[in-house]
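Trainee: Return atomic coordinates for the entry below.
(2 chains)
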Amino acid sequence: MSEREPLLVVRDLSVAYGSDRGTVVAVDHVDFELARGEFLAIVGESGCGKSTLLFALTRLLGPPFSGEIIGGEVLFKGRDMVTLGERQMRSIRWRDMSVVMQSAMNALNPVLTIAAQMRDVCEAHSDMSADEIRRRSEEVLRLVSIDPVHLRSYPHQLSGGMRQRAMIAMALLFTPDLVVMDEPTSALDVVAQRSLIVQIKELQAKLGFAVIFVTHDMSLVSHFSDRLMVMYAGQIAEVGGTRRIFDKPLHPYTSGLLEAFPSIRGPNTRLTGIPGSPPNLARPPAGCRFSPRCPHVTDVCRAHEPQLVDVDGDEVRCVLYNGRAA
Amino acid sequence: MTEPLLRTEGLTRHFGIGGLVSRQTLHAVDDVSFTIGHGEIVALVGESGSGKSTIARLVARVYRPTRGEIYFEGRPVSRLRTRRQRLAYSGDVPMVFQDPYSSINPAYRVSHGIARGIKLHRRELSRAERRREVERVLEAVGLVPGRDIARKFPYELSGGQRQRIGFAQALAFRPKLIIADEPVSMLDVSIRIGILNLMSELREREGVSFLYITHDVASARYISDRVLVMYGAHLVEEGPSEEVLQRPKHPYTQLLLSAVPDPRAELGISDTSDVGEPPKVVDPSEGCRFRARCPYRIATCDTVTPLLRELSAARRVACHVATADDSANDFARLESTHRRAEV
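Mentor: Presented below is the predicted three-dimensional model:
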């Protein structure tokens, strides 16, 4: 495939969970593309579908996440991940696409050393010799600035930041094209958070992989992601260049989110946040899903579900911009 | 000098860890002295493991101090002997917990938890008065109409509403000081501000003081009058929030502030090239606990533990190097020395 073709194309992807009160569509017709080497951040509140989307992309929707892809396709390097069998998925996982989970304490095996866990991955996905595995493990640990002596350490002997970096080192064992990260920094304090994300950025510049970074804290990625996708109630509310979104948010939800962060250096003004709380996806509100909390709501919003419209190359799901559609 | 609402003197808490052979001492809180005034919101910030939650538990009398004393309205808390005295103290100083999903009993209606506290702490109220009081505190925390909310079960409420229940339960005691341990960190971003505003309102309307424990310095700046910064079990800096957070004096506070993401700031990475490893608090040696990460380290830092000293009026810092002079070491300079080319 050519270099200019996107690495990942997601078309019309929908994911549903069955529940005793009917199906809940957690990801609702999501479309986006990811270029090679791009850093895309997906932000939203709990229940907005960001994690479900991530699990769908990586085909990890099995139990305990008993969701099901009910429509759409996920083209990764030209292959539709939705229809691939488990065996084919195994040849992609870790090698072409790897996942860094939220809590390294739970994702790492507490009774195995870091070396043993890296060996597991290498043995399952390659035919590297024991010697090669050891060399590669040392190499990736050095990449994330952990002394290779820690190959002999157990997860509990590492600090939270080191555990999370060890997870990232494992994800880089095969230098994949895409690393998907689900809130990798949320268990860390701000100083460790900052240094981890700076490190991810440096590794990305060095190795050229693309990143999908899922987080609830949009200020965290403000200086790091190329593009930002804001999700609300299972749908894309707005997607566009990160800096543009922070400087000039289009969707009222995005503006509300930005208004909800107290500033550390700017003027200390009283903030209001967003009234109400995110909707229950088993019974989404009629019309625009944000309408019950929106300051600009009109009758049109309550009656019709808005579509994503193009605004100067970015997309936003709000009737305020319907007139400006190309 | 008038006595503050709460004052701690040399508050220290150590935990023994390890087996019989390799007995070690974990210093969770070391020699911490601070005050909380009437109607004041004091924020306690620091990284995980710095001792903030241990301080909360010491103040709430969950732990006994290893050394030191807490004075509440001038009286030493360790001298509370009778059940009645202890009950009165826990009614005066209730705690609101971090996780609104596990801190409310799911098997009972909302009214149950609140009414129970009233029954225990304000026995003079009749049944009807108690019911009215439940409704009053619910409405005071913005859950309107209180009568309907009181009848709900916790599962019927959102995370933000549940956290408000936590505050309503505390408020029902007629408290003087509420200890709020990370009350918004489990909540969604869009509703956090609502809870922070609620704390300010409760201070205005009910005159309650708050000890607000958080790792989120921006929220500390948003609601608190004064801020206490913890690092490695020590109180390293203290002062009026705006001053401490705009002109931090301790190198750790400076590091902490430079790491806070601020989308309103200019694009550019002020990378603090910090290894980010936590300080040693198990059998710590003499010397400053921040020295391994400190850009201003001098020889004294290795051998002498810096004590909190007065820098200017109301500002105290535990650092050998820090000076009152702004130009000598300020945050902007630290940032610029660490600023790297944009990644």
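Trainee: pull the helix or strand with minimum mean pLDDT from the chain.
Mentor: I'll assume chain A. Least confident element among the helices and strands of chain A, by mean pLDDT, DSSP states H and E: helix A:104-107 (a mean of 76).
Trainee: which secondary structure elements does that helix contact?
Mentor: Where contact means 3 or more CB pairs under 8 Å, 6 or more residues apart in numbering or on different chains; DSSP states H and E, helix A:104-107 is packed against helix A:160-171. The way it works is simple: take the backbone N, C-alpha and C, and place the C-beta from them, glycine included.
Trainee: and after the biggest helix by length in chain A, which helix or strand comes next?
Mentor: Identified as the longest helix of chain A according to DSSP state H is helix A:190-207. Per DSSP states H and E, the first helix or strand lying C-terminal to helix A:190-207 is strand A:210-215.
Trainee: how far out from the middle of the chain is that following strand?
Mentor: Relative to its chain's centre, strand A:210-215 lies at 4 Å (CA atoms, centre = their mean, to the nearest Å).
Trainee: Can you confirm whether that strand lies near chain B?
Mentor: No: judged by CB under 8 Å from any CB of the partner chain, strand A:210-215 stays clear of chain B, getting no closer than 10.3 Å.
Trainee: Could you export whatever helix or strand comes next after that strand as PDB, CA atoms only?
Mentor: Later in the chain than strand A:210-215, the nearest helix or strand by DSSP H and E is helix A:218-221. Extracted as PDB, the C-alpha positions of helix A:218-221 are listed here (Å, rounded to 0.1, in the frame of the first residue of the first chain):
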ATOM      1  CA  MET A 218      -8.600  17.100  27.100                       C
ATOM      2  CA  SER A 219      -6.200  19.600  28.600                       C
ATOM      3  CA  LEU A 220      -3.700  16.700  28.900                       C
ATOM      4  CA  VAL A 221      -3.400  16.300  25.100                       C
END
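Trainee: which residue ranges form the strands in the chain?
Mentor: Chain wasn't specified; assuming chain A. Assigned strands in chain A, in chain order: A:8-19, A:22-34, A:39-43, A:67-76, A:79-80, A:97-100, A:178-182, A:210-215, A:227-232, A:235-241, A:309-311, A:314-316 (criterion: DSSP state E).
Trainee: Chain B was what I was after
Mentor: Assigned by DSSP E, chain B shows strands spanning B:6-17, B:24-32, B:35-36, B:41-45, B:67-72, B:75-76, B:95-96, B:177-181, B:209-214, B:226-231, B:234-240, B:309-312, B:315-317.
Trainee: and those as TSV, adding mean pLDDT?
Mentor: Shown next, in TSV, are the strands of chain B (pLDDT from 0 to 100):
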stretch	mean pLDDT
strand B:6-17	94
strand B:24-32	93
strand B:35-36	96
strand B:41-45	97
strand B:67-72	97
strand B:75-76	96
strand B:95-96	94
strand B:177-181	96
strand B:209-214	96
strand B:226-231	96
strand B:234-240	97
strand B:309-312	92
strand B:315-317	95
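Trainee: Is it correct that residue A:162 is in contact with residue A:155?
Mentor: No: under the criterion of CB atoms under 8 Å, residue A:162 makes no contact with residue A:155, lying 9.2 Å away.
Trainee: which one of the two has more residues nearby?
Mentor: For residue A:162 and residue A:155, the more surrounded residue by other CB atoms under 10 Å in any protein chain shown is residue A:162, and the numbers stand at 26 against 21.
Trainee: Pull the contacting residues for the closest residue to that one other than its chain neighbours.
Mentor: Ranked by CB to CB, 6 or more residues apart in numbering or on different chains and with sequence neighbours excluded, the top spatial neighbour of residue A:162 is residue A:146, at 5.9 Å. Residue A:146 is in contact with A:158, A:162, A:165-166, A:169, counting by CB atoms under 8 Å, 6 or more residues apart in numbering or on different chains.
Trainee: now the helices for chain B?
Mentor: B:52-59, B:83-92, B:110-121, B:127-140, B:146-150, B:159-171, B:189-206, B:217-223, B:241-246, B:251-259, B:299-303, B:331-338.
Trainee: Out of those, which gets the lowest mean score?
Mentor: Of all the helices of chain B, mean pLDDT reaches its minimum on helix B:331-338 (a mean of 44).
Trainee: and residue 190, how many neighbours does it have?
Mentor: The chain I'm using is chain A. Here the number of neighbours of residue A:190 (other CB under 10 Å) works out to 23.
Trainee: Correction: the question concerned chain B.
Mentor: By the criterion of other CB under 10 Å, residue B:190 has 23 neighbours.
Trainee: what's near enough to touch the residue nearest to it when sequence neighbours are not counted?
Mentor: The shortest distance from residue B:190 to any non-neighbouring residue, by CB to CB, 6+ apart, is to residue A:274 (3.9 Å). Residue A:274 makes contacts with A:253, A:256-257, A:259-260, A:293, B:190-191, as judged by CB under 8 Å, 6+ apart.
Trainee: which one of those has the most neighbours?
Mentor: Of the contacts of residue A:274, with other CB under 10 Å as the count, residue A:253 tops at 29 neighbours.
Trainee: who touches that residue in this structure?
Mentor: The neighbours of residue A:253, taking CB under 8 Å, 6+ apart as the test, are A:230, A:232, A:237-238, A:274, A:290, A:293-294.
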